[in-house]
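Colleague: Structure for this input, please:
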Amino acid sequence: MIGIDTNVLLRFLTQDDAAQSERATRFLETHCSSASPGFVNVVGLAELVWTLGCGLKS
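Modeller: Model (predicted):
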């Protein structure tokens, strides 16, 4: 199982930067599967929710 950083998740979900989003997508597609899932710890999940939630307030 591989740990997934908040930044990788953010780039994958938002697709806000072409080069970095491509790398995040490629990483997730090649390193994570149902047989070998990625792991997001609770702190990373909280950072993800907080960061995405900040965009809603703008």
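Colleague: Report the mean per-residue pLDDT for the helix ranked longest in the chain.
Modeller: For the chain, the helix that runs over the most residues, judged by DSSP state H, is helix 42-57. The average of the pLDDT scores along helix 42-57 is 89.
Colleague: Name the residues of that helix that come out as buried.
Modeller: Across helix 42-57, burial judged by 16 or more other CB atoms under 10 Å covers G44, E47, L48. Heads up, the C-betas are built off the backbone N, CA and C, glycines and all.
Colleague: Can you list phi and psi of the nearest residue to the first one once chain neighbours are set aside for me?
Modeller: For G44, ignoring the flanking residues on the chain, the nearest one in space by CB to CB, 6 or more residues apart in numbering is T6 at 4.6 Å. Comment: the main-chain dihedrals of T6 come out as phi -60, psi -40, following degrees, to the nearest 10.
Colleague: what's around T6, how many residues?
Modeller: Residues lying near T6 (other CB atoms under 10 Å) number 18.
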